[in-house]
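>>> output the structure for:
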Amino acid sequence: MDYQEGKERFIEAWGRMANVWGIPPAMARVHALLLISPEPLTAEEVQQQLGISVGSANTNLRKLVEWELISKKNLPGERRERFEAEKNMWVMVQKIIAHRKEKELEPVLAELQTLSQVRGECKGAQCFQKVVSEMCTFSRQADRFLDFLAHTEHIRALHLLGRVIT
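Model (predicted):
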């Protein structure tokens, strides 16, 4: 397999895999291109290399900057913004965890906290309270675990993961 074919396969595979992480495939394809690019790229270069619209390139680049998975780079003497991916895989995963936690888990925790205030003496209310209480406990533990992953060193996390798996 030559470089171009490998590059295309990587970009497509990253796009498919990103769905699991909650990242839209088009955004992941842009991210994949920047991950394997040896130099920062302009929005136009991203658009041309992926065969996407200018609007799609700009939207996905903006989202990737918001997620802190890429950063803007300005080269001396050049006016156009260039974009470069975070290439440290652990840092990248930590940023994805932090973003998903903020956008998904924290709102659920807040809602469960509100729902934990529901009172009643009937059988249905007791069942409701038990389920919500267990969900709160689990969600708080998941939140603390994700905080740990998002803020721990790569080596320490791998050591812990190795202990859990073996």
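>>> okay, which residue is most central for the chain?
With distances taken as C-alpha atoms, centre = their mean, I96 lies nearest the centre of the chain, 2.7 Å away.
>>> just the pLDDT for that residue.
For I96, the pLDDT comes out at 87.
>>> ok, it to A28 distance?
I96 sits 11 Å away from A28, going by C-beta to C-beta, to the nearest Å. Just so you know, the C-beta spots here come from the backbone N, C-alpha and C atoms, and that holds for glycine as well.
>>> do the same with W14
According to C-beta to C-beta, W14 and A28 sit 5 Å apart.
>>> how about K72, secondary structure?
strand (DSSP: H, G, I helix; E, B strand; the rest coil).
>>> neighbour count winner among W14 and A28?
Between W14 and A28, counted using other C-beta atoms under 10 Å, A28 has the larger neighbour count: 24 against 19.
>>> which residues does the more buried one contact?
Applying C-beta atoms under 8 Å, 6 or more residues apart in numbering to A28 gives the contacts 14-15, 17-19.
>>> any of these buried? List them.
Buried residues within the contacts of A28, defined by neighbour count using 16 or more other C-beta atoms under 10 Å: 14-15, 18.
>>> of those, closest to L35?
W14 (7.4 Å; C-beta to C-beta).
>>> quick check: buried residues in the top helix by length along the chain?
In the chain, with assignment by DSSP state H, the single longest helix is helix 123-151. Using 16+ other C-beta under 10 Å as the burial criterion, the residues of helix 123-151 that qualify are 128-129, 132, 135-136, 139, 146, 149-150.
>>> what is that helix packed up against?
Applying 3 or more C-beta pairs under 8 Å, 6 or more residues apart in numbering; DSSP states H and E, one finds that helix 123-151 contacts helix 89-100, helix 106-115.
>>> most tightly surrounded among those?
helix 89-100 (a mean of 16; mean count of other C-beta atoms under 10 Å).
>>> got the contact list for that one?
21-23, 67-69, 85-86, 146, 149-151, 154, 157.
>>> what's the angle between it and helix 106-115?
If you take axes from the mean of the first three to the mean of the last three C-alpha atoms, to 10 degrees, helix 89-100 sits at 40 degrees to helix 106-115.
>>> distance from the chain centre to helix 89-100, please.
Relative to the centre of its chain, helix 89-100 is centred 6 Å away, using C-alpha atoms, centre = their mean, to the nearest Å.
>>> convert the C-alpha atoms of it to PDB, please.
C-alpha atoms of helix 89-100 as PDB (Å, rounded to 0.1, in the frame of the first residue of the first chain):
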ATOM      1  CA  MET A  89      -2.400  10.800  22.000                       C
ATOM      2  CA  TRP A  90      -2.800  10.900  25.800                       C
ATOM      3  CA  VAL A  91      -3.300  14.700  25.800                       C
ATOM      4  CA  MET A  92      -5.800  14.300  22.900                       C
ATOM      5  CA  VAL A  93      -7.800  11.600  24.800                       C
ATOM      6  CA  GLN A  94      -7.800  13.800  27.900                       C
ATOM      7  CA  LYS A  95      -9.300  16.700  26.000                       C
ATOM      8  CA  ILE A  96     -12.000  14.500  24.500                       C
ATOM      9  CA  ILE A  97     -12.800  13.200  28.000                       C
ATOM     10  CA  ALA A  98     -13.000  16.700  29.500                       C
ATOM     11  CA  HIS A  99     -15.200  17.900  26.600                       C
ATOM     12  CA  ARG A 100     -17.600  15.000  26.700                       C
END
